[in-house]
Each structure stands twice: as structure tokens, then as C-alpha cells.
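Novice: quick one: sequence plus predicted model below, questions after.
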There are 2 protein chains.
Amino acid sequence: MGTQQHKATYHHGDLRRALIESALQLLETRDDGDVGLREVARHTCVSATAVYRHFPDKAALYAALAAEGFERLADAQLAAARRAREDSAAFRASGQAYVRFALANPALFRLMTSHMHRDGSTGVLLADNRAARLLREQVARLMPAASEAERAVTVVQAWALVHGLAVLMLGGRIPPDAALIEAAVNEFRPWRH
Amino acid sequence: MGTQQHKATYHHGDLRRALIESALQLLETRDDGDVGLREVARHTCVSATAVYRHFPDKAALYAALAAEGFERLADAQLAAARRAREDSAAFRASGQAYVRFALANPALFRLMTSHMHRDGSTGVLLADNRAARLLREQVARLMPAASEAERAVTVVQAWALVHGLAVLMLGGRIPPDAALIEAAVNEFRPWRH
DNA sequence: CCGCCTATGTTTACGATGTAAACATAGGCG
DNA sequence: CGCCTATGTTTACATCGTAAACATAGGCGG
């Protein structure tokens, strides 16, 4: 079955990491973002309460998973942006990458966004900021003449657009069509007046 | 305590309705969209399993709540649209109403969108379609010269924009600022080329 | 008007979950 | 070498969703 192996020693080498990867692995088999504490413990061949040696509670596990997810999302966006050889193309590419990431990792994406852990203690905001920083830089490059406030609004618009696309497509309220993603993202060009 | 009263008779007058309203009432006290079957039953002064006489399972209750929520959302948008005396103003007003509804009813909105019941048996899609229909009509009026495909893309963009705004603000990733809502929604005018 | 039938609630029960507390062991540091 | 602490296990409990068996109320046929 899909369980991990090793566990040769009583003391697991790095259980924290193993738990996170078990959970991520389990998330790929689902479409809702619910993993279950005991479930990931089982999948890691470890006692249910062993999780509590590495995470204070379920929310903390989720926070770690979300952090990992945000890292991967930012990586995907940066990679897509780098593949483009023009600023506006890079902007659009990273936007499309956002939506594609959500569609490719539905459960993980849902966990990142739906189970929003409001406490600022986790690394989530930092990871999130990597993507946010890229977005701000892109907008600044595309709208050099605009005021800071105008750019801020554009940042919010762009983020909301791709996030809304992702969520609506994941929820089945909009067809998860690749062409539609392209069209909806590419038509967004607020810096032309 | 916040519990309902009556229950004079053994047979509740209209328990189904009472359960739904208890649940909606409970949702107002939360910010995550989780109500709990037993919790609703308790709040209605009724046995836990009585719920199953009116809903096959928890998902069905959620579907009913979501349906109710979508009705209210559509009402809010239609009302906002009617208050405007110009087409583009109505369009913007109903968009802002969408976001404001989400911020005013965080738990209900989250229940509607996050716990997406994929089965098409419920009335959710119908209610949802009331708002979707309004949106399509508005876009058609605003872009009379555009092709059907262009309009479809604009519909998706507009929907994604307000939905993304709502979700990101609810998640605390964007400040839930009234001025920001206005700016982000009003700057969206894709029918000008 | 009476008695049964069915719709509607209740009780009890079961498995699963998140988590606290007490216990066990392994491996590094004195 | 022996203890101490970090890490994992066992046991236990409250809660949850839900199934099954039971109870009652109130309308309908006689």
C-alpha cells in the first residue's frame, strides 16, 4: 500500500519532514483539502499522537503544508516568468501559472487558501510574500508612470483575478479550460489607461 | 441563551426551516464556515438525529444553507444594480455588492464557496445562476459590439475579480478596505478596447 | 368517534477524529 | 557507564457524523 517504509530505528530520522511529505502525498489523492491527523500518522507508519511532538496541533500541520504549498506556487510563478523574454509576457505567464498550479494541486491549493490560519506566526506570509513581491515588481515595471496608489490597485486586481479564476474553476463554477485561462489573464492590461 | 423557543408540540411546526435558520444564525457568530450537525440540532432544541428526517446528511444541510446564501447574494446584487441609474454604474455597483456581501457574511460565504457540493441535485446552481444571468445581461448591455466569445471572457473576468477580492479579503491577505473595493472594481472596464 | 398508519422525533450505539496524560525508549553528554 | 531529554507509544476522553431501533402525535379510513 502507499505507506512509507524505513522506520528501522525507533527514533525516526526526521519525522517532521516525513509527516509533511506524507500529508502532501495524501493531498494528491484527494480533491478537498482535508487530510486528518491520524490519517497522515497512519500513512507514515507512526502513532497518532506522535504528530504532537512536531506540531502543537492540526492547524500547525496545516500551516506547514500551506507554507510548502506557497513555496511551490512561488517557484512555479517565478519559473514561468523567467521563461518569458518580455515584461508583459512574464506578467501574464506568472498569472497563468498561478491558476494552473491551483488546477494541478487542487487539495493543496484549497488547504492553503480555505483553511486560512490567521495567526502570523507561521512562515506562510513570508512564502506568500515571495509571490506578492514578484507581482509588485512586475506591476512597477509595467506601470512606471503610475502613482504608488494606482499600482497598488493594479496589484490587487491582478491577484484577485487569478485567485478568483483558480477558485471558481476548482469549484466547478467556471470550466477549467486552458484557453479560457489564457484569454481571461491576457485581456487584463490595466496599464493602458 | 441563543436557543430557539416554542417546541410546545412534540411535532415541530416546520423543523426543516427552523434548522436552516438556526444554522444561519450560528454562522453569524463564526468566521469559518463550519456549523456542525449536532450543534445546529442543539441550538434548535431538538435531538441530534432529528436532522436526518429533513436532510440525508450534513452535505445536504450545507447545500440548503448555500442555496439560501446564494439567494441573498443575488438579492443584494440586484438591489445594488437597481439603485444605479446607468448601466456601467449598475455593473460596478453589483460587483461591489458581491464583495460587500462576502465581508458582511464571512462564514456563510465561505460555506457557499469552500464546501462546494459538486452534485448538481441541489438548487444551488439555480440560485447561482440568478446572479450569473444578471452579470451576463450587464456585460451584453455594456459590450453590444463584442462577439459572444469576447463577452464570455469578460463575464469570467468580472466574476473572478470580485470573487478573488472577496476571498482574499476574507482570508486577510488583502485589507478589507471599502475604498480598495471601489477602486479595484471601478477600474475594471475592459469594454474600452 | 375510534383505531391504525405514517410522518416526525428520540434513544442508543458505533466508528472516527483531535487531543491530553502517562508511559517507554533511544541515544547523546556528563 | 549511567542518567537526561528528546522523541515515540499507549491509553483515554469528548465530540462528531450517522445508522438502527424505538416512540409518539395527529390525520384519515372505517
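Specialist: On my side now, so go ahead. Residues are numbered from 1 along each chain as shown, chains lettered A, B, ... in the order given.

Novice: output the worst-scoring helix or strand of chain A on mean pLDDT as PDB, nothing but the C-alphas.
Specialist: The weakest-scoring helix or strand in chain A, judged by mean pLDDT, DSSP states H and E, is helix A:124-142 (a mean of 86). Taking Å, rounded to 0.1, in the frame of the first residue of the first chain, the C-alpha atoms of helix A:124-142 are listed here in PDB:
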ATOM      1  CA  VAL A 124       3.100  31.300   5.300                       C
ATOM      2  CA  LEU A 125       3.000  35.000   5.000                       C
ATOM      3  CA  LEU A 126       6.700  35.000   4.000                       C
ATOM      4  CA  ALA A 127       6.200  32.500   1.300                       C
ATOM      5  CA  ASP A 128       3.200  34.300   0.200                       C
ATOM      6  CA  ASN A 129       5.200  37.400   0.100                       C
ATOM      7  CA  ARG A 130       7.700  35.900  -2.400                       C
ATOM      8  CA  ALA A 131       4.900  35.800  -5.000                       C
ATOM      9  CA  ALA A 132       3.500  39.100  -3.800                       C
ATOM     10  CA  ARG A 133       6.900  40.700  -4.200                       C
ATOM     11  CA  LEU A 134       7.200  39.400  -7.700                       C
ATOM     12  CA  LEU A 135       3.800  40.700  -8.600                       C
ATOM     13  CA  ARG A 136       4.600  44.200  -7.200                       C
ATOM     14  CA  GLU A 137       7.900  44.300  -9.100                       C
ATOM     15  CA  GLN A 138       6.200  43.300 -12.300                       C
ATOM     16  CA  VAL A 139       3.500  45.900 -11.900                       C
ATOM     17  CA  ALA A 140       6.000  48.600 -11.100                       C
ATOM     18  CA  ARG A 141       7.900  47.700 -14.300                       C
ATOM     19  CA  LEU A 142       4.800  47.700 -16.400                       C
END
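
Novice: do it and chain B come into contact?
Specialist: Yes - looking at helix A:124-142 against chain B by Cβ under 8 Å from any Cβ of the partner chain, the contacts come from A:Asp128. For the C-beta atoms, the positions are set from N, CA and C on the backbone; glycine is no exception.

Novice: repeat that for stretch A:143-156.
Specialist: Yes - residues of stretch A:143-156 are located near chain B by Cβ under 8 Å from any Cβ, namely A:Val153, A:Thr154, A:Val156.

Novice: from the residues you listed, which is closest to DNA strand C?
Specialist: A:Val156 (33.2 Å; Cβ to the nearest atom of the strand).

Novice: is it true that A:Arg100 touches A:Glu182?
Specialist: No - assessed by Cβ atoms under 8 Å, A:Arg100 is found out of contact with A:Glu182, at 10.3 Å.

Novice: please say which of the two ends up with more neighbours.
Specialist: Taking neighbours as other Cβ atoms under 10 Å in any protein chain shown, A:Arg100 and A:Glu182 compare with A:Arg100 leading, 18 against 15.

Novice: so the more buried one versus A:Glu137, what's the distance?
Specialist: 21 Å (Cβ to Cβ, to the nearest Å).

Novice: circling back: roughly how far is the least confident helix or strand of chain A from the heart of the chain?
Specialist: 14 Å (Cα atoms, centre = their mean, to the nearest Å).

Novice: could you do stretch A:21-28 as well?
Specialist: So, by Cα atoms, centre = their mean, the centroid of stretch A:21-28 is 14 Å from its chain's centroid.

Novice: tell me what the helix or strand that the least confident helix or strand of chain A is followed by is packed against?
Specialist: Downstream of helix A:124-142, the next assigned helix or strand under DSSP states H and E is helix A:148-170. Judged by 3 or more Cβ pairs under 8 Å, 6 or more residues apart in numbering or on different chains; DSSP states H and E, helix A:148-170 is in contact with helix A:87-104, helix A:106-113, helix A:124-142, helix A:178-186, helix B:148-170, helix B:178-186.

Novice: can you give me the buried ones in whichever helix in chain A runs longest?
Specialist: Using DSSP state H, we find that the single longest helix of chain A is helix A:58-83. Of the residues in helix A:58-83, A:60-74, A:76-78, A:80-81 count as buried by neighbour count, 16 or more other Cβ atoms under 10 Å in any protein chain shown.

Novice: kindly report the same for stretch A:17-35.
Specialist: Applying 16+ other Cβ under 10 Å to stretch A:17-35 flags A:Ala18, A:Leu19, A:Ile20, A:Glu21, A:Ser22, A:Ala23, A:Leu24, A:Leu26, A:Leu27, A:Gly33, A:Val35 as buried.

Novice: which of those sit farthest apart?
Specialist: A:Ala18 and A:Gly33 (20.2 Å; Cβ to Cβ).

Novice: flag the shaky bits of chain A, pLDDT-wise.
Specialist: Within chain A, the segments meeting pLDDT under 70 span A:1-12, A:116-127, A:193.

Novice: again, 80 this time
Specialist: A:1-13, A:115-128, A:192-193 (pLDDT under 80).

Novice: contact residues of chain A facing chain B?
Specialist: A:110, A:113-114, A:116, A:118, A:128, A:153-154, A:156-157, A:159-165, A:167-168, A:170-174, A:180, A:183-184, A:187-188, A:190, A:192-193.

Novice: is there a quick PyMOL command that grabs whichever of those are buried?
Specialist: Selection command for PyMOL covering only the buried members of the residues of chain A next to chain B, criterion 16+ other Cβ under 10 Å:
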select buried, chain A and resi 110+113+114+116+128+153+154+156+157+159+160+161+162+163+164+165+167+168+170+171+173+174+180+183+184+188+190
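
Novice: now do the domain split for chain A, please.
Specialist: Using automatic domain parsing, the domain ranges for chain A come out as A:15-53, A:66-186.
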